[in-house]
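Q: Generate coordinates for the sequence data below:
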Amino acid sequence: MLKPLSDRVIIEVAKEEEKTVGGIVLASAAQEKPQTGKVIAVGEGRVLENGTKVPADVKEGDTVMFEKYSGTEVKYEGKDYLILSGKDIIAIVE
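A: Numbering: from 1, shown residues only. Model prediction:
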């Protein structure tokens with residue numbers, strides 16, 4: 001598996017619904033970009049200027065909401081993931 005560095009987090013992005021409420025199937029270009037996903041791996045945390053390490057606010061298994069156009073999309077072993085900085089995560093979904 002991939003291991004994120006520093007304050008990076010690997011997210012398995014949730015699939016968005018391909019149909020509207022009325023049952024119309026949307027083309028992939030018309031679909032909204034997903035903003036939620038499950039945390040797959042978390043880096044060790046960021047290091048402050050004084051050398052103190054600050055752990056990540058999320059843990060593996062959390063479902064999170066993140067900024068819409070953040071992160072880097074990667075494909076690994078046939079699955080799509082998003083690698084983003086901890087600061088791009090805006091909420092934990094409970």
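
Q: Show me what the strand or helix carrying residue 37 pairs with in its sheet, parallel or antiparallel.
A: Using DSSP states H and E, the secondary-structure element containing residue 37 is strand 36-42. Sheet pairing of strand 36-42 (DSSP bridges) gives strand 8-13 (antiparallel), strand 63-66 (antiparallel).

Q: what's the most buried one of those strands?
A: When the strands paired with strand 36-42 are scored by mean count of other CB atoms under 10 Å, the highest mean neighbour count falls to strand 8-13 (a mean of 22). For the C-beta atoms, the positions are set from N, CA and C on the backbone; glycine is no exception.

Q: what's the spacing between residue 50 and residue 14?
A: Remark: distance between residue 50 and residue 14 (CB to CB, to the nearest Å) = 37 Å.

Q: Compare these two (neighbour count), which wins?
A: Neighbours per residue (other CB atoms under 10 Å) separate residue 50 from residue 14, with residue 14 holding more: 13 against 5.

Q: Got the phi and psi for that one?
A: phi -70, psi 140 (degrees, to the nearest 10).

Q: quick one, what contacts it?
A: By CB atoms under 8 Å, 6 or more residues apart in numbering, residue 14 lies in contact with 34, 36-38, 63.

Q: neighbour-wise, which of those residues leads?
A: Using other CB under 10 Å as the neighbour test, the contacts of residue 14 are led by residue 37, with 24 neighbours.

Q: I'd like the distance between that residue and residue 1.
A: In this structure, residue 37 and residue 1 are 16 Å apart, going by CB to CB.

Q: if we can go back for a sec, pull the residues that contact the strand holding residue 37.
A: With contact meaning CB under 8 Å, 6+ apart, strand 36-42 is reached by 1-4, 9-14, 56, 58-66, 81-82, 93.

Q: Next, count neighbours for residue 2.
A: Neighbours of residue 2 (other CB under 10 Å): 12.
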